[in-house]
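Chemist: got a sequence here, can you build the structure:
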Amino acid sequence: MQRRAAGHSGLQVSRLGLGTLTWGRETRPEDARPLLRAFVEAGGSLVDTAAAYAAGDAERMIGRMLRAGDVHRDDLVIATKAGFGIRDGERVVDTSRAALLSDLRASLRRLGTDHIDLWQLHAWGQAPLEESLAAVDTAVSAGDVRYAGVCNFVGWQTAQAATWQAAFPGRTPLTSAQVEYSLLARRAEVEVIPAVRAFGMGLFPWSPLGRGVLTGKYRTGRPRGSRGASQHFAWFVEPYLETRSRAVVDAVATAADGLDLTPGQVALLWVRDAPGVTAPLLGARTVAQLQPYLDCEELELPAEITAALDDVSGGPNAMREGYEPTLSA
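Modeler: Down below sits the predicted model:
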């Protein structure tokens, strides 16, 4: 699998990442183990997790596999996140210095590693931004973290954080941003991706398959065993099951038929090769789900298909090479 640099940094990652949101809940250890092995054997390196995923169980699963020798630590670029969790059944964002460093210590322990390759603020919080970023500097200075990034920041938040870190020598530059981006979620093109590119950061899109909807499996209902039918993740899929998403899903399916690909492969290729993208994060739960996307390594969408999908999903992407805006009289 090809590798890409995360922005202007020295961090090199596989151009597809493996997301672990469902690990510890819908994805069981007996499925996760061969899944991670298959990903690494195909040349994948970037594994994205978080302290909040299944209350730390996703990180614990990765740690157990590393200790068992299922994969080697040096083969992985481990990205995790801090500052977000569940308390008393409620989602809580706490980006204070104390909370972030506490999350980091717990992540290192669960993962069984002496360092995190990419440590990310999971969300914008109420703590002063300079306090949160000082925790990042502390973690990097201590050797616990190699690179730092942000997750789910909007454009101005991304720019503010990157500017703060660049304003004084010795602060840790922000290497990456992680945000939802797919044919069903193109808001990132308005401000986030331009900010990321302006500051030389990498971009890791989550849910590149539109929370699974772009695979086409929800066109006739909610299949048993899908996230849309899950007790824990139905809320996550629901926003993209509305009528307004149907035209995009149909267009992806039509393109897939013409290219002899699956709809999911088409949706992934559109994101993977979009301007500014470093590596989309795939939430596959089994090897059977992952394999079609590993098979995309040598594939690219024809330019006319990409343009047609741009048009049906929200209009031309202004960052594409050769884009010429239409000026009104």
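
Chemist: all strands of the stretch 1-150 of the chain, in order?
Modeler: Per DSSP state E, counting those that start in this stretch, the stretch 1-150 of the chain carries strands over the ranges 3-5, 12-14, 17-19, 46-48, 77-82, 84-87, 90-93, 116-121, 145-151.

Chemist: nearest to residue 246, of those strands?
Modeler: strand 17-19 (25.3 Å; Cβ to Cβ). C-betas here are computed from N, CA, C, even on glycine.

Chemist: just to revisit the earlier point, of the strands of the stretch 1-150 of the chain, which is nearest residue 287?
Modeler: strand 17-19 (11.4 Å).

Chemist: could you give the separation of that closest one from the chain centroid?
Modeler: 7 Å (Cα atoms, centre = their mean, to the nearest Å).

Chemist: and it, what does it pack against?
Modeler: helix 29-41, strand 46-48, strand 281-282 (3 or more Cβ pairs under 8 Å, 6 or more residues apart in numbering; DSSP states H and E).

Chemist: how does it look with 6 Å?
Modeler: strand 46-48 (3 or more Cβ pairs under 6 Å, 6 or more residues apart in numbering; DSSP states H and E).

Chemist: is it possible to get CSV of the strands of the stretch 1-150 of the chain that adds mean pLDDT?
Modeler: Output for the strands of the stretch 1-150 of the chain, formatted as CSV (pLDDT from 0 to 100):
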stretch, mean pLDDT
strand 3-5, 98
strand 12-14, 98
strand 17-19, 98
strand 46-48, 98
strand 77-82, 98
strand 84-87, 82
strand 90-93, 88
strand 116-121, 98
strand 145-151, 98
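
Chemist: dump these to JSON lines, plus distance to residue 247 and mean neighbour count.
Modeler: Converted to JSON lines, the strands of the stretch 1-150 of the chain look like this (distance: least, Cβ to Cβ, whole Å; neighbours: other Cβ atoms under 10 Å):
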{"stretch": "strand 3-5", "distance to residue 247": "31", "mean neighbour count": "15"}
{"stretch": "strand 12-14", "distance to residue 247": "32", "mean neighbour count": "20"}
{"stretch": "strand 17-19", "distance to residue 247": "27", "mean neighbour count": "25"}
{"stretch": "strand 46-48", "distance to residue 247": "30", "mean neighbour count": "28"}
{"stretch": "strand 77-82", "distance to residue 247": "33", "mean neighbour count": "27"}
{"stretch": "strand 84-87", "distance to residue 247": "33", "mean neighbour count": "15"}
{"stretch": "strand 90-93", "distance to residue 247": "32", "mean neighbour count": "12"}
{"stretch": "strand 116-121", "distance to residue 247": "33", "mean neighbour count": "26"}
{"stretch": "strand 145-151", "distance to residue 247": "30", "mean neighbour count": "24"}
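
Chemist: rebuild those as CSV, extending it with distance to residue 54.
Modeler: Formatted as CSV, the strands of the stretch 1-150 of the chain follow (distance: least, Cβ to Cβ, whole Å):
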stretch, distance to residue 54
strand 3-5, 29
strand 12-14, 23
strand 17-19, 13
strand 46-48, 14
strand 77-82, 13
strand 84-87, 10
strand 90-93, 14
strand 116-121, 18
strand 145-151, 17
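
Chemist: out of those strands, which is closest to residue 263?
Modeler: Among the strands of the stretch 1-150 of the chain, strand 17-19 sits nearest to residue 263 (Cβ to Cβ), with 19.0 Å.

Chemist: could you pull out the helices for this structure?
Modeler: Per DSSP state H, the chain carries helices over the ranges 29-41, 57-68, 97-111, 129-141, 155-166, 192-198, 234-237, 246-259, 263-272, 287-294, 303-313.

Chemist: list the contacts of the first one.
Modeler: Yep, that's helix 29-41 we're talking about. 18, 23, 61, 65, 70, 71, 75, 286, 287 (Cβ atoms under 6 Å, 6 or more residues apart in numbering).

Chemist: next, name the residue at the spatial heart of the chain.
Modeler: Nearest residue to the geometric centre of the chain (Cα atoms, centre = their mean): residue 206, 3.2 Å.

Chemist: OK, contacts around it?
Modeler: Contacts of residue 206 (Cβ under 6 Å, 6+ apart): 178, 180, 281.

Chemist: can you check residue 199 too?
Modeler: Neighbours of residue 199 in contact, by Cβ under 6 Å, 6+ apart: residue 162.

Chemist: can we see that at 10 Å?
Modeler: Taking Cβ atoms under 10 Å, 6 or more residues apart in numbering as the contact definition, residue 199 lies against 7-8, 158-159, 161-163, 165-166, 173-175, 177.

Chemist: do the same with residue 73
Modeler: With Cβ under 10 Å, 6+ apart, residue 73 has these contacts: 66, 67, 111, 112, 113, 114, 115, 117.

Chemist: who wins for neighbours among those?
Modeler: Within the contacts of residue 73, residue 111 tops the neighbour count with 26 neighbours, counted by other Cβ atoms under 10 Å.

Chemist: ok, now how distant is it from residue 319?
Modeler: Distance, residue 111 to residue 319, by Cβ to Cβ, to the nearest Å: 35 Å.

Chemist: quick one on the thing from earlier: closest to residue 1 out of the contacts of residue 206?
Modeler: So of these, ranked by how close each gets to residue 1 (Cβ to Cβ), first place is residue 281, at 14.1 Å.
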